[in-house]
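Visitor: here is a sequence with its predicted model. Questions after.
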Amino acid sequence: MKQLIRVGMLGIGNIGRGTWQALAMNHDRILESTGLDIEIVKILNRHPDKDRGIDIPKEKYTAEVGDILDNPEIDIVVELIGGIEPATEYMARALSNGKSVVTANKAAIAANGRYLVDLAQQNHVLIRCEAAVAGGIPILTSLTTALLSNSFSEVHGILNGTTNYILTQMTEYGNDYAQVLKEAQNKGFAEADPAADVEGYDAANKLSILMSIIFGAEVSPEDIPTRGITTIAREDIEYSLNAGYRIKLLASAKKGKKGLYANVEPVLIPAGHPLAAVSNEFNAVFVKGNAVDDLMFYGRGAGPLPTGSAVLGDIIGIARKLEKDSAYDIVPQLRYDSGVKFIGEGASKYYVRMTVTDRPGVLGRITTTFGQFGVSVEAVRQEAPYESGKERVAALIFRIFEVERPLLYYVLNKILNENIIKSIDNIMRIED
Ligand code: HSE
């Protein structure tokens with residue numbers, strides 16, 4: 001039996017275009033295998049004359065958001081305008097009007113997920129956001145269907161394609177960060193304003209959503225310690241290669257005895273780890289379940305069609321429930337009720353690169369100060385000294401045994417303020 005599902009779409013940018021194209025490519029196959037006749041009936045488009053390179057009948061467009069949100073004929077609203085507002089307000093209105101919602105909006109879900117999920121529950125409808133985390137990779141759906149038989153203790157994701165592309169190019173060609181960023185912008189891989197990507201905020205939003213799905217925790221992205229890739233230099237890349245590591249911007253969360261630990265930052269990971277092989281704009285999510293053990297998902301985290309594939313998957317998932325008249329979660333997919341506490345970062349091994357004057361006794365003073373505060377050095381290496389102005393300086397690279405970051409920072413600041421060293425150039429976590 002054929003069931004018509006009417007979709008209203010807010011926005012027709014890259015993801016909207018990808019969703020339209022994915023449906024155009026696969027409509028008949030979806031109909032054949034599910035009986036669902038999915039039709040995008042209205043699209044919010046405030047610039048209908050702009051050429052978007054796709055053939056969409058003009059009568060589908062509307063400049064009035066109410067034509068979609070308040071339209072009794074629409075079953076599912078797909079929000080693809082991005083940003084926290086007015087996207088949250090629009091989604092809330094759709095849910096209150098008894099429509100299920102699909103969104104690719106990581107910022108709005110990370111900021112207002114609990115509010116929107118509560119609204120969906122009150123109105124007995126669904127909200128899904130597969131496309132918000134790792135684009136085409138079906139991580140949220142997998143975790144909440146096929147993998148429900150597991151309890152997960154950790155998740156590590158390469159969740160941002162722009163930064164992974166930049167780090168890969170720096171590693172493969174030995175180029176500087178600024179040079180690679182510029183190239184990436186010229187090729188359209190990086191935004192003109194790359195801050196959300198390169199400072200790690202985009203990945204923090206995605207990690208916050210994963211923490212809700214995996215641990216039932218409400219952790220605001222603003223509370224997740226987040227550091228980007230802007231301080232990574234050629235020296236760091238060279239060290240990582242020589243020492244058998246790769247540098248990746250990892251979004252990680254772990255469940256310990258006392259609660260959850262999480263952060264987003266560049267991390268030295270062993271070259272043999274499956275995440276180390278994830279190159280260029282690709283994304284990956286690595287999870288550890290108590291039954292399935294290690295599991296890694298790999299794919300495209302951005303791009304119109306891969307993200308459109310995830311949006312369409314959510315539409316089909318909701319439509320299958322609508323068909324049975326049960327478009328409602330007894331337990332919502334995004335959960336915020338486990339009571340598990342977010343603690344912070346926890347202890348880790350660290351990599352510290354600093355610049356010092358090349359003079360006898362400097363290394364001794366640094367290690368003595370580390371020792372006074374119980375910070376233990378695993379290894380140290382000095383790079384070839386060079387002339388800088390009137391003096392000879394050298395880079396020192398320390399590997400520090402497990403330490404809490406605040407203590408490490410306290411000791412490093414002391415070393416810096418006592419003028420034992422010239423500068424601290426980079427600090428990264430080491431994951432062995
Ligand atoms: N800007 C993101 C990235 C894609 O570079 O991966 C959208 O989430």
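Guide: On my side now, so go ahead.

Visitor: near the ligand at all, stretch 3-14?
Guide: No: residues of stretch 3-14 are not located near the ligand by C-beta under 6 Å from any ligand atom, the shortest gap being 9.3 Å. Placement of C-beta: from N, CA and C, glycine included.

Visitor: in the stretch 301-432 of the chain, which residue sits closest to the ligand?
Guide: In the stretch 301-432 of the chain, the residue that lies nearest the ligand is A302 (3.8 Å; C-beta to the nearest ligand atom).

Visitor: domain ranges for the protein?
Guide: 3-136+304-323, 141-300, 347-430 (automatic domain parsing).

Visitor: turn these into CSV, including distance to I330, mean neighbour count and mean pLDDT.
Guide: What follows is the domains of the chain, written out as CSV (distance: least, C-beta to C-beta, whole Å; neighbours: other C-beta atoms under 10 Å; pLDDT from 0 to 100):
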stretch, distance to I330, mean neighbour count, mean pLDDT
domain 3-136+304-323, 9, 20, 96
domain 141-300, 12, 19, 96
domain 347-430, 38, 15, 96
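
Visitor: G339 is nearest to which of those?
Guide: Proximity to G339 (C-beta to C-beta) singles out domain 141-300 among the domains of the chain, at 8.0 Å.

Visitor: can you get me the start-to-end distance on the closest one?
Guide: Terminal residues of domain 141-300 lie 16 Å apart, using C-alpha to C-alpha, to the nearest Å.

Visitor: helix or strand right after the longest strand seen in the chain?
Guide: With secondary structure taken from DSSP state E, the chain has its longest strand at strand 391-404. Next along the chain after strand 391-404, taking DSSP states H and E as the criterion, comes helix 405-417.

Visitor: now that following helix, how far from the chain's geometric center?
Guide: Relative to its chain's centre, helix 405-417 lies at 29 Å (C-alpha atoms, centre = their mean, to the nearest Å).

Visitor: other SSEs contacting it?
Guide: The contact analysis (3 or more C-beta pairs under 8 Å, 6 or more residues apart in numbering; DSSP states H and E) places helix 405-417 against strand 347-357, helix 362-372, strand 423-430.

Visitor: in JSON lines, list these along with distance to I56.
Guide: Below are the helices and strands packed on helix 405-417 laid out as JSON lines (distance: least, C-beta to C-beta, whole Å):
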{"stretch": "strand 347-357", "distance to I56": "50"}
{"stretch": "helix 362-372", "distance to I56": "63"}
{"stretch": "strand 423-430", "distance to I56": "46"}
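
Visitor: tabulate these (CSV), appending distance to the ligand.
Guide: Below are the helices and strands packed on helix 405-417 laid out as CSV (distance: least, C-beta to the nearest ligand atom, whole Å):
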stretch, distance to the ligand
strand 347-357, 24
helix 362-372, 37
strand 423-430, 20
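
Visitor: got a list of what the residue of the stretch 301-432 of the chain closest to the ligand touches?
Guide: Going by C-beta atoms under 8 Å, 6 or more residues apart in numbering, A302 touches G135, G161, E281, N283.

Visitor: now do T367
Guide: Contacts of T367 by C-beta under 8 Å, 6+ apart are V377, V380.

Visitor: give me the element I315 is part of.
Guide: helix 304-323.

Visitor: and the strands in the stretch 101-250 of the chain?
Guide: 127-128, 152-158, 245-255 (DSSP state E, counting those that start in this stretch).

Visitor: out of those strands, which gets nearest to the ligand?
Guide: Using C-beta to the nearest ligand atom, the nearest of the strands of the stretch 101-250 of the chain to the ligand is strand 152-158, at 9.2 Å.

Visitor: identify the residue spatially nearest to A253, adjacent ones excluded.
Guide: Spatial nearest neighbour of A253, chain neighbours left out: A262 (4.0 Å); criterion: C-beta to C-beta, 6 or more residues apart in numbering.

Visitor: how far does the host helix or strand of the one you found sit from its chain's centre?
Guide: Using DSSP H and E, A262 maps to strand 260-270. From the chain centre to the centre of strand 260-270 is a distance of 12 Å (C-alpha atoms, centre = their mean).

Visitor: and that strand with strand 423-430, angle?
Guide: 100 degrees (axes from the mean of the first three to the mean of the last three C-alpha atoms, to 10 degrees).

Visitor: quick check, strand 260-270 touching the ligand?
Guide: No: using C-beta under 6 Å from any ligand atom, strand 260-270 never reaches the ligand; the gap is at least 12.8 Å.

Visitor: check which helices and strands the next helix or strand after that strand sits against.
Guide: Per DSSP H and E, strand 260-270 leads on to strand 282-289 as the next helix or strand towards the C-terminus. In this structure, strand 282-289 packs against strand 152-158, helix 161-173, strand 293-300, with contacts taken as 3+ C-beta pairs under 8 Å, 6+ apart.

Visitor: where do the helices sit along the stretch 1-150 of the chain?
Guide: 14-34, 66-69, 87-96, 106-122, 139-143 (DSSP state H, counting those that start in this stretch).

Visitor: which residues does the longest one contact?
Guide: With C-beta under 8 Å, 6+ apart as the contact definition, helix 14-34 has outside contacts at 2, 9, 12, 36-38, 40, 43, 52-54, 56, 78, 80, 104, 131, 303-309, 311-312, 316, 319-320.

Visitor: the shortest one too?
Guide: The set of residues that contact helix 66-69 without belonging to it, under C-beta under 8 Å, 6+ apart, is 8-10, 42, 44, 62, 74, 77, 90, 93-94, 97, 99.

Visitor: quick one: the residue nearest to the spatial centre of the chain from the ligand, how far?
Guide: Closest to where the C-alpha atoms of the chain average out (C-alpha atoms, centre = their mean) is A203, at 2.9 Å. In this view, A203 and the ligand are 8 Å apart by C-beta to the nearest ligand atom, to the nearest Å.

Visitor: this completes my enquiry, with thanks.
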